[in-house]
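> Task: produce atomic coordinates for the following.
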Amino acid sequence: MKIEIRKEAIKLRKRGFSFEEISSLLPVSKSTCSVWLKEVDLSDKAKLRLQKRGLDGRKRGQLSNHNRALLRDEGIARQIRAEISTLDLNKILLKLLCAMLYWGEGAKGQHRVIFTNSDPLMIRIFLKFFRQSFTLDESRFQASLHLHEYHNHDIQKKFWANITGIRLQKISIYKKPNTGLVKREGYLGCISIRYNDVNIAHTLESLYKEFGVKYGGVG
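Prediction:
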């Protein structure tokens, strides 16, 4: 009986079946298959089948990993949405969040507020928090838009004016040198927002510094 099983296993192996496949078709373990069949010569056709099965297996594994990652990320997103929905954004928290953003992307040690970034969402949320946290004079806003030569300057200027709520006349354009060899698809340019008020600039810096002193201790 064992001899017959081994003969059948050899036939399957010569056809390009893997040890795992043979073990699933015959009453023999995968480890026994590897011992029985390690010396079996394989034709090019058999090798091609094994190679294709290996590639298919990797693709299935990649798809499975991708689907698991999607489920994981969706679970995290649901949890975060639930937590954010309970936030009470009072004025002091808004001002603190504004200061935290400024700590990361704002110009330090200046006599005016300067916030620079290329992410429209970050610019939009900083300005929303900024406007809600302080009593502002909109005429003090200015912006400098850094664009490459391949950008349509009029289109990008209107885009950023819509994002920031700053008038077109208050947005200047700085043309960044570009070799023309690399074009960043989807890159919308980088904008630097300026608001002339030394007191507000120092308030933002004091907020993040005091927060860091109070909560940034080690241990």
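> CA atoms for contacts and neighbours, from now on please.
Fine.
> Please report how far T203 lies from V113.
10 Å (CA to CA, to the nearest Å).
> Equivalent analysis for E205, please.
Distance from E205 to V113, by CA to CA: 10 Å.
> which residues of the protein score low on pLDDT?
Within the chain, the segments meeting pLDDT under 70 span 1, 56, 178-184, 217-219.
> rerun at 80
Within the chain, the segments meeting pLDDT under 80 span 1-2, 46, 50, 54-64, 66-67, 149-150, 176-187, 217-219.
> all strands in it, in order from the N-terminus.
With DSSP state E as the criterion, the chain has strands at 113-117, 141-148, 171-176, 190-195.
> Format the ones you listed as JSON lines; extra columns: distance to N65.
Output for the strands of the chain, formatted as JSON lines (distance: least, CA to CA, whole Å):
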{"stretch": "strand 113-117", "distance to N65": "34"}
{"stretch": "strand 141-148", "distance to N65": "39"}
{"stretch": "strand 171-176", "distance to N65": "41"}
{"stretch": "strand 190-195", "distance to N65": "36"}
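> so can I have TSV of these showing mean neighbour count?
Written out in TSV, the entries for those read as follows (neighbours: other CA atoms under 10 Å):
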stretch	mean neighbour count
strand 113-117	20
strand 141-148	20
strand 171-176	15
strand 190-195	20
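> Of all those, which one is nearest Y215?
strand 113-117 (24.1 Å; CA to CA).
> Which secondary structure elements does the closest one sit against?
helix 91-105, strand 190-195, helix 198-215 (3 or more CA pairs under 8 Å, 6 or more residues apart in numbering; DSSP states H and E).
> can you tell which of those is closest to R53?
Comparing the helices and strands packed on strand 113-117 under CA to CA, the one sitting nearest is strand 190-195, at 48.1 Å.
> Just list what that closest one packs against, helices and strands only.
Against strand 190-195 (3+ CA pairs under 8 Å, 6+ apart) you get strand 113-117, strand 141-148.
> Using PDB, list the CA coordinates for the last one.
Included here for strand 141-148 are C-alpha records, laid out as PDB according to Å, rounded to 0.1, in the frame of the first residue of the first chain:
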ATOM      1  CA  PHE A 141      -3.300  88.900   6.300                       C
ATOM      2  CA  GLN A 142      -0.700  88.400   3.600                       C
ATOM      3  CA  ALA A 143       0.500  85.200   1.800                       C
ATOM      4  CA  SER A 144       3.400  84.200  -0.400                       C
ATOM      5  CA  LEU A 145       2.700  81.300  -2.700                       C
ATOM      6  CA  HIS A 146       5.800  79.200  -3.800                       C
ATOM      7  CA  LEU A 147       5.200  77.700  -7.200                       C
ATOM      8  CA  HIS A 148       7.300  76.000  -9.900                       C
END
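> Partner strands of that strand and their direction?
strand 171-176 (parallel), strand 190-195 (antiparallel) (DSSP bridges).
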